[in-house]
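Enquirer: predicted model and sequence follow; I will ask about them next.
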Amino acid sequence: MKTQNRQINRRGFTLLEILGVLAIIGLLASITVVSVNKGRKAGGVTNAIGTVSHVQSALQAFLQKPGGLGYIPITNAASTSAFNLSGTSLSAATAATISKACTVDTVLLTERYLESPVDLGLGSANNAPTGTQLHPLLWSPTLNAFYCNPDAAPDFDYTNVPRLICQLSTTNVPGTDGTNYYLDASQTPVATNSRVVSLLIPGIQGTDAASLANQYDNKSTATATAAVTVGRVTYVAPSATTGLTTVYVYVSHY
C-alpha cells in the first residue's frame, strides 16, 4: 500500500495540464500588454496636453525677452522672405527646404525657455530627423535669426518628427494644416495674418488623434475615421490603409 502511494505521488503533469497552464500564462501576458499599451497611449495624450501648456509659458517668456523680436518667428512658409534668416546661402535656399529644417523648438531651446525637445510618446516612431544632416538650422539669440554654420542651405528634415511650428494665417477658413482654427462654439476663426503656433504630430494613429481631440476640447464627437476641423485639435481623415494621420494642436496666436 505504501509503495503504491509513493508511485502516485511521483506522477508528473500530463501534457494536457501543461498546455492548459501555458494557455493561461499566454492569456495573462496578452492582457498585460494591452493594458500597458493603453496606459502608454493615455499617458501620451496627457503629455501632449501638458506640453502645450508648458510651451505657452515659454512663448510668453520669449516675447518679453529684452532686445528680442517681440514676435514668434515663422517656421513654415511658401516664401523664403517670411523667415528671419542670416546668411547668403541660407537666404537663397527654397522655402520648402527651410520649412523642413525650421522649428520653434530650436528657438525656445536655444533661448533656454524650454529644457528639452518635444517628446510626446505619440505619433511616428521615427522621432529623428532625416537628410544629410551636415548643416543644421540654428538660432542666434543676438541676431534674432536662423543661420547655418558654415553658411549653407539646411539639410535636416523634421517632417516625421513631432515639433512646434509657427505659420502665418493668410486665410480665415480653418482647416487641417495648422494655419487657422475655430476656437469657440461660434466658429470664429483666428484673424488673418496672425502668427499661429501649433504642435504638429505626424504619423499618429486615428484612435489616438480622436482621444486627443475629445479630451483636449472636452467633447466626444471626434472619431478615428473622419477629419476634425473644429476645435484646438485638427486633422485630416486617417488613412484607410494605415490608420495614420497628422495632427495639429493649437498652442497660441499673436
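Expert: Received, thanks.
Enquirer: nearest residue to Lys100 in space, please, no chain neighbours.
Expert: Among residues not flanking Lys100 along the chain, Asp157 sits closest, at 4.5 Å (CB to CB, 6 or more residues apart in numbering). Quick note: C-beta positions are derived from backbone N, CA and C, even for glycine.
Enquirer: one more: His135?
Expert: Ala152 (4.3 Å).
Enquirer: surely the one you found is within a strand?
Expert: No: assigned with DSSP: H, G, I helix; E, B strand; the rest coil, Ala152 falls outside any strand and is coil.
Enquirer: test my guess that it contacts Thr88.
Expert: No: the pair Ala152 / Thr88 is not scored as a contact, 9.8 Å apart, by CB atoms under 8 Å.
Enquirer: the two: which is more packed in?
Expert: Taking other CB atoms under 10 Å, Ala152 and Thr88 do not tie; Ala152 has more neighbours (18 against 9).
Enquirer: residues in contact with the more buried one?
Expert: 87, 89-90, 134-135 (CB atoms under 8 Å, 6 or more residues apart in numbering).
Enquirer: ok, and the most crowded of these?
Expert: Highest count within these by other CB under 10 Å belongs to Leu90, 24 neighbours.
Enquirer: quick one: contacts for that residue?
Expert: 98, 137, 146-148, 151-154.
Enquirer: just to be sure, it is in a helix?
Expert: Yes: counting by three-state DSSP, Leu90 is found in a helix.
Enquirer: in the chain, which helix or strand is least confident?
Expert: helix 2-9 (a mean of 52; mean pLDDT, DSSP states H and E).
Enquirer: hey, where'd the helices end up in the chain?
Expert: Secondary structure of the chain (DSSP state H): helices located at 2-9, 15-63, 88-91, 95-101, 104-110, 206-216.
Enquirer: circling back to that earlier point, so among the contacts of Leu90, which ones count as buried?
Expert: Among these, those classed as buried by neighbour count (16 or more other CB atoms under 10 Å) are 98, 137, 146-148, 152-154.
Enquirer: neighbours around Leu59, how many?
Expert: 22.
Enquirer: so Thr75 is in contact with Ala101, correct?
Expert: No: using CB under 8 Å, Thr75 is not in contact with Ala101; the gap is 9.1 Å.
Enquirer: so between those two, which is more surrounded?
Expert: Set Thr75 next to Ala101 and count neighbours by other CB under 10 Å: Thr75 wins out with 29 against 26.
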